[in-house]
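>>> Pasting the sequence and the predicted model now:
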Amino acid sequence: MTKAGALFTFNNMPLGKIVRNWELFGVVVIFFAGAALHFVFEWSGYWKPIAWLVAINESTWEHFKLAFWPGIVWALIEYFVVGKGTRNYWIGKALGLLSMPIIITVIFYSYTALLGKNYLVIDILSFFLAISFGQFISYRLFFANKLSVAFQWLGALGIVGMMVAFVLFTYMPPRLFIFEHVSTHEYGILNQY
(Lines give C-alpha, C1' and ligand atoms only; values in the text may rest on other atoms or scores of the structure.)
Protein backbone atom coordinates (compact mmCIF):
# COMPACT_ATOMS: atom_id res chain seq x y z
CA MET A 1 0.00 0.00 0.00
CA THR A 2 1.27 3.47 -0.81
CA LYS A 3 2.12 5.97 1.88
CA ALA A 4 -0.96 8.01 0.94
CA GLY A 5 -3.05 4.83 0.92
CA ALA A 6 -1.95 3.92 4.43
CA LEU A 7 -3.28 7.25 5.68
CA PHE A 8 -6.60 6.99 3.83
CA THR A 9 -9.20 5.21 5.96
CA PHE A 10 -12.89 5.44 6.75
CA ASN A 11 -13.75 4.26 10.26
CA ASN A 12 -10.32 2.61 10.50
CA MET A 13 -10.97 0.55 7.37
CA PRO A 14 -7.81 0.08 5.30
CA LEU A 15 -7.66 1.55 1.82
CA GLY A 16 -7.62 -1.88 0.15
CA LYS A 17 -11.03 -2.74 1.61
CA ILE A 18 -12.45 0.67 0.77
CA VAL A 19 -11.28 0.40 -2.84
CA ARG A 20 -12.57 -3.19 -3.05
CA ASN A 21 -15.99 -2.01 -1.87
CA TRP A 22 -15.97 0.83 -4.39
CA GLU A 23 -15.08 -1.60 -7.19
CA LEU A 24 -17.85 -4.01 -6.13
CA PHE A 25 -20.41 -1.23 -5.83
CA GLY A 26 -19.19 0.00 -9.22
CA VAL A 27 -20.19 -3.34 -10.77
CA VAL A 28 -23.79 -2.74 -9.65
CA VAL A 29 -23.86 0.93 -10.68
CA ILE A 30 -22.29 0.30 -14.10
CA PHE A 31 -24.60 -2.68 -14.72
CA PHE A 32 -27.84 -0.81 -13.98
CA ALA A 33 -26.72 2.43 -15.64
CA GLY A 34 -25.70 0.43 -18.72
CA ALA A 35 -29.03 -1.39 -18.76
CA ALA A 36 -30.82 1.96 -18.70
CA LEU A 37 -28.63 3.32 -21.52
CA HIS A 38 -29.91 0.51 -23.73
CA PHE A 39 -33.30 2.27 -23.93
CA VAL A 40 -32.38 5.98 -23.72
CA PHE A 41 -32.13 6.51 -27.49
CA GLU A 42 -35.69 5.28 -27.97
CA TRP A 43 -36.93 7.18 -24.90
CA SER A 44 -35.37 10.38 -26.28
CA GLY A 45 -37.36 10.09 -29.51
CA TYR A 46 -34.15 9.00 -31.34
CA TRP A 47 -32.45 12.31 -30.60
CA LYS A 48 -29.21 12.06 -32.61
CA PRO A 49 -27.06 14.38 -30.45
CA ILE A 50 -27.04 11.77 -27.65
CA ALA A 51 -26.35 8.83 -29.97
CA TRP A 52 -22.63 8.78 -29.02
CA LEU A 53 -23.57 7.98 -25.41
CA VAL A 54 -26.24 5.31 -25.81
CA ALA A 55 -26.95 2.17 -27.83
CA ILE A 56 -28.46 3.21 -31.15
CA ASN A 57 -28.93 -0.25 -32.67
CA GLU A 58 -28.48 -3.91 -31.81
CA SER A 59 -24.90 -4.28 -33.06
CA THR A 60 -22.24 -5.71 -30.79
CA TRP A 61 -20.33 -2.40 -30.89
CA GLU A 62 -23.27 -0.40 -29.58
CA HIS A 63 -23.57 -2.74 -26.61
CA PHE A 64 -19.98 -1.95 -25.66
CA LYS A 65 -21.07 1.61 -24.88
CA LEU A 66 -23.41 0.33 -22.20
CA ALA A 67 -20.45 -0.72 -20.07
CA PHE A 68 -17.97 1.92 -21.22
CA TRP A 69 -19.72 5.23 -20.53
CA PRO A 70 -21.05 4.32 -17.07
CA GLY A 71 -17.60 2.85 -16.38
CA ILE A 72 -15.96 6.17 -17.25
CA VAL A 73 -18.32 8.14 -15.03
CA TRP A 74 -17.72 5.70 -12.18
CA ALA A 75 -13.94 5.88 -12.72
CA LEU A 76 -13.97 9.68 -12.44
CA ILE A 77 -16.05 9.64 -9.26
CA GLU A 78 -13.91 6.88 -7.79
CA TYR A 79 -10.68 8.68 -8.63
CA PHE A 80 -11.57 11.64 -6.42
CA VAL A 81 -12.65 9.41 -3.54
CA VAL A 82 -10.01 6.66 -3.50
CA GLY A 83 -7.97 6.79 -6.71
CA LYS A 84 -5.25 9.12 -5.52
CA GLY A 85 -4.32 6.68 -2.76
CA THR A 86 -3.82 3.75 -5.13
CA ARG A 87 -1.03 2.81 -7.49
CA ASN A 88 -1.56 2.55 -11.24
CA TYR A 89 -5.05 4.11 -11.21
CA TRP A 90 -5.38 5.18 -14.84
CA ILE A 91 -3.70 2.17 -16.41
CA GLY A 92 -5.83 -0.04 -14.14
CA LYS A 93 -9.02 1.67 -15.23
CA ALA A 94 -7.98 1.67 -18.90
CA LEU A 95 -7.28 -2.07 -18.90
CA GLY A 96 -10.44 -2.76 -16.92
CA LEU A 97 -12.55 -0.76 -19.39
CA LEU A 98 -10.81 -2.36 -22.37
CA SER A 99 -11.40 -5.86 -21.02
CA MET A 100 -15.17 -5.36 -20.85
CA PRO A 101 -15.86 -5.28 -24.62
CA ILE A 102 -13.32 -8.05 -25.18
CA ILE A 103 -15.15 -10.32 -22.74
CA ILE A 104 -18.55 -9.42 -24.19
CA THR A 105 -17.27 -10.22 -27.68
CA VAL A 106 -15.67 -13.53 -26.76
CA ILE A 107 -18.71 -14.76 -24.84
CA PHE A 108 -21.26 -13.56 -27.40
CA TYR A 109 -19.60 -14.95 -30.50
CA SER A 110 -18.58 -18.19 -28.76
CA TYR A 111 -21.98 -19.10 -27.42
CA THR A 112 -23.90 -18.00 -30.53
CA ALA A 113 -21.55 -20.09 -32.68
CA LEU A 114 -22.29 -23.10 -30.47
CA LEU A 115 -26.04 -22.56 -29.98
CA GLY A 116 -26.86 -20.98 -33.34
CA LYS A 117 -28.63 -17.92 -31.89
CA ASN A 118 -28.43 -15.47 -29.04
CA TYR A 119 -30.36 -15.61 -25.77
CA LEU A 120 -31.14 -12.49 -23.78
CA VAL A 121 -30.40 -14.10 -20.42
CA ILE A 122 -26.89 -15.13 -21.57
CA ASP A 123 -26.31 -11.65 -23.01
CA ILE A 124 -27.27 -10.07 -19.68
CA LEU A 125 -25.09 -12.49 -17.72
CA SER A 126 -22.14 -11.87 -20.05
CA PHE A 127 -22.61 -8.11 -19.61
CA PHE A 128 -22.53 -8.53 -15.82
CA LEU A 129 -19.51 -10.85 -16.03
CA ALA A 130 -17.61 -8.43 -18.29
CA ILE A 131 -18.22 -5.53 -15.89
CA SER A 132 -17.23 -7.65 -12.89
CA PHE A 133 -14.04 -8.82 -14.56
CA GLY A 134 -13.17 -5.27 -15.67
CA GLN A 135 -13.58 -3.95 -12.14
CA PHE A 136 -11.50 -6.86 -10.80
CA ILE A 137 -8.67 -6.08 -13.24
CA SER A 138 -8.71 -2.43 -12.15
CA TYR A 139 -8.63 -3.40 -8.49
CA ARG A 140 -5.72 -5.80 -8.95
CA LEU A 141 -3.67 -3.19 -10.81
CA PHE A 142 -4.39 -0.52 -8.20
CA PHE A 143 -2.33 -2.48 -5.70
CA ALA A 144 0.23 -4.10 -7.99
CA ASN A 145 3.82 -2.86 -8.00
CA LYS A 146 3.99 0.78 -9.01
CA LEU A 147 4.31 1.16 -12.77
CA SER A 148 6.14 4.05 -14.38
CA VAL A 149 4.47 7.36 -15.10
CA ALA A 150 4.57 6.42 -18.79
CA PHE A 151 2.08 3.62 -18.08
CA GLN A 152 -0.21 6.05 -16.26
CA TRP A 153 -0.15 8.35 -19.28
CA LEU A 154 -0.69 5.38 -21.58
CA GLY A 155 -3.75 4.44 -19.54
CA ALA A 156 -5.16 7.98 -19.70
CA LEU A 157 -4.47 8.19 -23.45
CA GLY A 158 -6.07 4.76 -23.93
CA ILE A 159 -9.23 5.96 -22.21
CA VAL A 160 -9.32 9.10 -24.35
CA GLY A 161 -8.77 6.94 -27.46
CA MET A 162 -11.70 4.71 -26.51
CA MET A 163 -13.89 7.77 -25.95
CA VAL A 164 -12.99 9.14 -29.38
CA ALA A 165 -13.66 5.75 -31.00
CA PHE A 166 -17.11 5.44 -29.40
CA VAL A 167 -18.11 8.91 -30.55
CA LEU A 168 -16.60 8.65 -34.04
CA PHE A 169 -17.86 5.13 -34.80
CA THR A 170 -21.37 6.00 -33.66
CA TYR A 171 -21.76 8.44 -36.53
CA MET A 172 -19.28 6.88 -38.99
CA PRO A 173 -19.14 3.14 -38.32
CA PRO A 174 -16.78 0.97 -40.35
CA ARG A 175 -18.42 -1.71 -42.50
CA LEU A 176 -17.35 -4.53 -40.19
CA PHE A 177 -19.56 -7.26 -38.72
CA ILE A 178 -19.20 -5.94 -35.17
CA PHE A 179 -20.89 -2.66 -36.21
CA GLU A 180 -23.75 -4.31 -38.12
CA HIS A 181 -27.30 -4.16 -36.74
CA VAL A 182 -28.41 -7.77 -36.41
CA SER A 183 -31.81 -7.71 -38.08
CA THR A 184 -31.57 -4.89 -40.64
CA HIS A 185 -27.87 -5.31 -41.57
CA GLU A 186 -27.50 -1.53 -41.44
CA TYR A 187 -24.71 0.38 -39.74
CA GLY A 188 -24.87 3.32 -37.33
CA ILE A 189 -28.10 5.22 -36.81
CA LEU A 190 -30.77 3.20 -38.57
CA ASN A 191 -32.75 4.68 -41.46
CA GLN A 192 -36.09 4.40 -39.65
CA TYR A 193 -34.84 6.91 -37.07
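Sure, I can see it. Numbers count the residues shown, from 1 in each chain.

>>> Output the below-cut-off pLDDT ranges for the protein.
Scanning the chain for pLDDT under 70 picks out 1-13, 190-193.

>>> for it, longest helix please?
helix 15-43 (DSSP state H).

>>> what angle separates the helix or strand just after that helix from helix 15-43?
Next helix or strand after helix 15-43 toward the C-terminus (DSSP states H and E): helix 60-81. Here helix 60-81 runs at an angle of 140 degrees relative to helix 15-43 (axes from the mean of the first three to the mean of the last three C-alpha atoms, to 10 degrees).

>>> In the helix or strand following helix 60-81, which residues are buried?
Going down the chain from helix 60-81, the next helix or strand is helix 89-115, by DSSP H and E. Using 16 or more other C-beta atoms under 10 Å as the test for burial, helix 89-115 gives 89-101, 103-105, 107-108, 111. All C-beta atoms are positioned from the backbone trio N, CA, C, and that covers glycine.

>>> quick one on the thing from earlier: and the angle from the longest helix of the chain to helix 89-115?
Interaxial angle of helix 15-43 relative to helix 89-115 (the same axes, to 10 degrees): 60 degrees.

>>> for helix 15-43, packing partners?
If contacts are counted by 3 or more C-beta pairs under 8 Å, 6 or more residues apart in numbering; DSSP states H and E, helix 15-43 sits against helix 3-7, helix 60-81, helix 120-142.

>>> Can you say which of the ones you listed is nearest to Gly161?
Comparing the helices and strands packed on helix 15-43 against Gly161 with C-beta to C-beta, the closest turns out to be helix 60-81 (11.8 Å).

>>> same for that closest one, what does it pack against?
So helix 60-81, by 3+ C-beta pairs under 8 Å, 6+ apart, packs with helix 15-43, helix 89-115, helix 120-142, helix 149-171.

>>> Name the residues of it that come out as buried.
For helix 60-81, by 16+ other C-beta under 10 Å, it's 60-72, 74-75, 78.

>>> Stretch 42-60 too?
Buried residues in stretch 42-60, counted by 16+ other C-beta under 10 Å: Ala51, Trp52, Leu53, Val54, Ala55, Ile56, Asn57, Ser59, Thr60.

>>> Now distance to Ile18 too, for the residues you listed, in a markdown table please.
A markdown table is the format used below for these (distance: C-beta to C-beta, whole Å):
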| residue | distance to Ile18 |
| --- | --- |
| Ala51 | 36 |
| Trp52 | 33 |
| Leu53 | 29 |
| Val54 | 31 |
| Ala55 | 32 |
| Ile56 | 37 |
| Asn57 | 39 |
| Ser59 | 38 |
| Thr60 | 35 |
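
>>> Nearest to Phe136 among those residues?
Distance to Phe136, by C-beta to C-beta, is smallest for Thr60 among the buried residues of stretch 42-60, at 22.3 Å.
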